[in-house]
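Engineer: Here is a sequence together with a model predicted from it:
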Amino acid sequence: MERIDAWLGLIGAWGYGLLGGVGFLEYVFPFFPGDVVLVTGGAWVEREDRSILLLFMSLMLGSWLGLAVVWRVGRALASRIDSLPPGKKVLGVEVAQLRKIEARMRARSTWLLIGNRFMPGLRTVVLLSSGAANVPLPKVLLYGGISAAAFNALLIFVGITIGDNAEALATFFSRFRTASFSLVGVVVAVFIARWVWRRRRA
């Protein structure tokens, strides 16, 4: 409770801009503890009688900016790889194989982008891969934005409803992280299973 009060005191009148910045940093620095801060933002809205809509829009602007920046980094990396001959290796993987991976990313990009915000540790990888695979930026902003909107709305709601209850907040994050990492595990397992199956058929 004291920690939450301290955060609320720090946010003050700069809340919308600061929390929008958090929405940006979560994409650029995947291990930034933005989830806790965003829940605190929900508590700030409730306690200080601020606008939920303005908070949500500031988070979305930050999220869209983060999506675009990481996507652009992926494009820059791909441009360097594309200039290499097919037999050249990057981090031990042949360029020809990397191009096959890019093609698969283009084929599966919609669902990966929709789910990316709920996959801790993988969202930046998904966005870098989207850029490297030349997935159109409008598509990344649309489907990545849908994911961000759902995630941001969830954390704002949690902050409004239980943000002042430290015990309930700890329980929520414990269950949320368990569910998130379980989702990541399922996604990774599916991809590995598909890869093994295709290798055996080849």
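Structural biologist: It's in.

Engineer: switch to C-alpha atoms for all contacts and neighbour counts from now on
Structural biologist: OK.

Engineer: mind listing what's buried in stretch 41-61?
Structural biologist: The neighbour-count check on stretch 41-61 (16 or more other CA atoms under 10 Å) flags 41-46, 50, 52, 55-56, 58-61 as buried.

Engineer: Between which two of those residues is the distance greatest?
Structural biologist: For the buried residues of stretch 41-61, the farthest-apart pair by CA to CA is 46 and 61; their separation is 21.1 Å.

Engineer: Which parts of the protein are strands?
Structural biologist: Assigned by DSSP state E, the strands in the chain fall at 89-90, 93-94.

Engineer: follow-up on the earlier one: just name the closest of the buried residues of stretch 41-61 to residue 153, please.
Structural biologist: Closest approach to residue 153 among those (CA to CA): residue 56, at 7.2 Å.

Engineer: State the distance from the closest one to residue 155.
Structural biologist: The gap separating residue 56 from residue 155 is 10 Å, by CA to CA, to the nearest Å.

Engineer: Residue 17 and residue 58 touch, don't they?
Structural biologist: Yes - counting by CA atoms under 8 Å, residue 17 does reach residue 58; the two are 6.8 Å apart.

Engineer: thinking residue 35 is in contact with residue 155, fair?
Structural biologist: Yes - the pair residue 35 / residue 155 is scored as a contact, 7.2 Å apart, by CA under 8 Å.

Engineer: Give me the more crowded residue out of the two.
Structural biologist: residue 155 (21 against 17; other CA atoms under 10 Å).

Engineer: Skip the chain neighbours and tell me the closest residue to that one.
Structural biologist: Here the nearest residue to residue 155 in space, its sequence neighbours aside, is residue 39; by CA to CA, 6 or more residues apart in numbering that works out to 5.1 Å.

Engineer: What separation is there between that neighbour and residue 19?
Structural biologist: For residue 39, the distance to residue 19 (CA to CA) stands at 10 Å.

Engineer: who has more neighbours, these two?
Structural biologist: Neighbours were counted for residue 39 and for residue 19 using other CA under 10 Å; residue 39 has more, 25 against 22.

Engineer: how far away is that one from residue 143?
Structural biologist: For residue 39 relative to residue 143 (CA to CA), the value is 23 Å.

Engineer: Low-confidence stretches in the protein?
Structural biologist: 1-13, 84-98, 100-101, 121, 163-174, 176-196, 198-202 (pLDDT under 70).

Engineer: residue ranges of the helices in it, please?
Structural biologist: Assigned by DSSP state H, the chain shows helices spanning 2-11, 15-28, 34-48, 52-82, 95-115, 123-132, 137-162, 166-201.

Engineer: okay, the angle between the fourth one and helix 123-132?
Structural biologist: With axes from the mean of the first three to the mean of the last three CA atoms, to 10 degrees as the basis, helix 52-82 and helix 123-132 are set at 50 degrees to each other.

Engineer: Against which helices or strands is helix 52-82 packed?
Structural biologist: helix 15-28, helix 34-48, helix 123-132, helix 137-162 (3 or more CA pairs under 8 Å, 6 or more residues apart in numbering; DSSP states H and E).

Engineer: what angle sits between the shortest one and helix 15-28?
Structural biologist: The reference is to helix 123-132. Using the same axes, to 10 degrees: helix 123-132 against helix 15-28 is 70 degrees.
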